[in-house]
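Enquirer: Okay, here's the prediction I keep looking at, along with the sequence it came from:
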Amino acid sequence: MTKQLRIAYLCGTNGWGGLEMNQLKNAIWMQERGHFVKLYCLENSPIHKATVENNLPCGIIQKHKNHYDLIKAFNLLRLLKKDNIEHLIFRATFDQSIAATISFLSHRKIKVHYFMEMKFGAPKKQFFRTLRYMYFSSWNCPLEYLKNQVLENSKVNPEKVNVIASGLDLTTVSQNDKITSRKLLNLPPTDFLFGIVGRIDPKKGQLYALKATQLLSDYKFKLVIVGEETPDAPSSYLKEIKAFIEANKLEEKILFLPFQKNPMDVFNAFDWTLMTSDSETFGMVTIESMAQGTPVIGSNAGGTSELLDFGNAGLLFETKNEIDLAEKMKLALEKKTPFELTTFRNSISKFNSNEVCEKVEKMLKSRKSNV
């Protein structure tokens, strides 16, 4: 039996996106594998509510500053010591400073591990960042391109940098047939369906899909947009989307669904999933769709191109180019894809939650207190 580890998961954000969801999922999986796990978060935050719902031990922290919040760091350290925590895992860049401070104040007895969720927007070689990164026991990237980015744009010790993907519980894959999934979602049973899953936001690129749909007026299909605006921060983007639909008389081609807590029946209902984001660091939507057996047309940027094996496990279109997107959608409609639709399923195995957790365990056990 694997020796039990004592792990704290830190999340100082109030959001509820892929970062927070991945943090919670990994904590649950590691607890299921027999480790002591406790998640530290803000009271009444979305992740706090989800932690309680999943019966995961939870510690309440106060909102800390972005930099050099010694008082909050001392308070957190006291809680971690009380629980005899050995490892502190965090994902948000907002938590970097307090995590490094925990390492410093504990004389590195508590080892902190950064699981990267956001790519670098610019080089991070400033002295204060380099000093902060020195106190991380490991820096873990979900894809190879992000590891290369870290090594090129920071002074992080290369020996600390690993590739550990964000995991996916393959047991959550829907066992329904496509017709049943469509019936559950009140979607047309026989139409060819393209779908987009994600927050209604300009960066997610729903408008490009609408423009591509308008260019394919001679083809019979429907586009399903699944998602909602950011809670408490609505923008004009949804109005822009609806105005485009009305102006181009696309009402019969476009369907809307709200956010779905369990998305696998959604992917099962689609014929193809569209990933039209400007640049996804690591698109969970992409691997969830692939795991469900639904192929993906993705923007050739960020992590999507690597997840789709650079076009060998999906179709890639030129980012922000609705004309090229329409061409790739046409290939899907005409069944002229340059790869076998079953080949991408082989590429999903490395994201299996069990394999990911084994890598996390191996990495944690390899870290020495003086690293």
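Expert: Noted; the coordinates are in hand.

Enquirer: contacts and neighbour counts: CA atoms only from here.
Expert: Fine.

Enquirer: Where does residue 326 fall, secondary structure wise?
Expert: Remark: residue 326 resides in helix 322-333, with elements defined by DSSP states H and E.

Enquirer: Show me the contact partners of the following helix or strand past that helix.
Expert: In the C-terminal direction, the helix or strand that comes right after helix 322-333 (DSSP H and E) is helix 353-366. Outside helix 353-366, the residues that touch it by CA atoms under 8 Å, 6 or more residues apart in numbering are 26, 29, 30, 87, 164, 165, 166, 167, 168, 169, 170, 350.

Enquirer: now the fourth one: how far from residue 166?
Expert: In this structure, residue 87 and residue 166 are separated by 18 Å, where distance is defined by CA to CA, to the nearest Å.

Enquirer: picking that back up, and which of the contacts of helix 353-366 is nearest residue 14?
Expert: Sorting the contacts of helix 353-366 by distance to residue 14 puts residue 26 at the head of the list, at 18.2 Å, by CA to CA.

Enquirer: what stretches of the stretch 1-150 of the chain score poorly on pLDDT?
Expert: The stretch 1-150 of the chain contains residues with pLDDT under 70 at 1-2.

Enquirer: can you give me the strands in it?
Expert: Read by DSSP state E, counting those that start in this stretch, the stretch 1-150 of the chain holds these strands, from start to end of the chain: 6-11, 36-42, 58-61, 87-90, 111-115, 136-141.

Enquirer: if we can go back for a sec, more neighbours: which of residue 87 and residue 166?
Expert: Remark: of residue 87 and residue 166, residue 166 carries more neighbours, 28 against 23, as counted by other CA atoms under 10 Å.

Enquirer: In three-state terms, label the more buried one for me.
Expert: When states are read from DSSP: H, G, I helix; E, B strand; the rest coil, the local structure at residue 166 comes out as coil.

Enquirer: Excluding chain neighbours, what is closest to it?
Expert: Ranked by CA to CA, 6 or more residues apart in numbering and with sequence neighbours excluded, the top spatial neighbour of residue 166 is residue 142, at 5.8 Å.

Enquirer: how far out from the middle of the chain is stretch 240-252?
Expert: 30 Å (CA atoms, centre = their mean, to the nearest Å).

Enquirer: buried set for it?
Expert: Taking 16 or more other CA atoms under 10 Å as the basis for neighbour counts, the residues of stretch 240-252 that come out buried are 241, 244, 245, 250.

Enquirer: who touches the second one in this structure?
Expert: If I follow you right, that is residue 244. With the criterion set at CA under 8 Å, 6+ apart, residue 244 makes contact with residue 210.

Enquirer: and if we set it to 10 Å?
Expert: For residue 244, the residues meeting the contact criterion (CA atoms under 10 Å, 6 or more residues apart in numbering) are 207, 210, 211, 214, 238, 250, 251.

Enquirer: now the first one
Expert: Residues touching residue 241, when contacts are defined by CA under 10 Å, 6+ apart, comprise 200, 202, 206, 207, 208, 210, 247.

Enquirer: Please pick the buried ones from those residues.
Expert: 200, 202, 206, 207, 208, 210.

Enquirer: Adding distance to residue 273, write these out as CSV.
Expert: Compiled in CSV, the buried ones among the contacts of residue 241 are given as follows (distance: CA to CA, whole Å):
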residue, distance to residue 273
200, 16
202, 18
206, 12
207, 15
208, 14
210, 14
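
Enquirer: would you turn the residues you listed into JSON lines with distance to residue 275, secondary structure and pLDDT?
Expert: As requested, these are exported to JSON lines (distance: CA to CA, whole Å; DSSP: H, G, I helix; E, B strand; the rest coil; pLDDT from 0 to 100):
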{"residue": "200", "distance to residue 275": "13", "secondary structure": "coil", "pLDDT": "93"}
{"residue": "202", "distance to residue 275": "13", "secondary structure": "helix", "pLDDT": "92"}
{"residue": "206", "distance to residue 275": "9", "secondary structure": "helix", "pLDDT": "97"}
{"residue": "207", "distance to residue 275": "12", "secondary structure": "helix", "pLDDT": "97"}
{"residue": "208", "distance to residue 275": "10", "secondary structure": "helix", "pLDDT": "97"}
{"residue": "210", "distance to residue 275": "13", "secondary structure": "helix", "pLDDT": "98"}
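
Enquirer: of the contacts of residue 244, the lowest pLDDT goes to which?
Expert: pLDDT is lowest at residue 238 among these; the value there is 93.

Enquirer: Would you mark the buried spots in stretch 57-77?
Expert: In terms of neighbour count (16+ other CA under 10 Å), stretch 57-77 has its buried residues at 57, 58, 59, 61, 64, 65, 70, 72, 73, 74, 76, 77.

Enquirer: between those residues, which is nearest residue 259?
Expert: Residue 259 lies nearest to residue 58 out of the buried residues of stretch 57-77, by CA to CA, at 26.0 Å.

Enquirer: List the residues that contact that closest one.
Expert: Contacts here follow CA under 10 Å, 6+ apart; on that basis residue 58 touches 8-9, 37-43, 48-49, 51-52.

Enquirer: Pretty sure residue 103 sits against residue 136.
Expert: Yes: using CA atoms under 10 Å as the test, residue 103 is close enough to residue 136 to be in contact (7.4 Å).

Enquirer: where along the stretch 151-300 of the chain do the helices fall?
Expert: Ranges of helices in the stretch 151-300 of the chain, per DSSP state H, counting those that start in this stretch, are 178-184, 206-215, 237-247, 264-269, 284-292.

Enquirer: For residue 224, list the residues it contacts.
Expert: 187, 193-197, 253-257, 266, 269-270, 273-274.

Enquirer: can you tell me which residues contact residue 245?
Expert: If you count contacts by CA under 10 Å, 6+ apart, residue 245 has them with 207, 210, 211, 214, 239, 251, 252, 253, 254.

Enquirer: wait, doesn't the fourth one sit right on residue 246?
Expert: So that's residue 214. No: with contact defined as CA under 10 Å, residue 214 does not reach residue 246; the gap is 11.4 Å.
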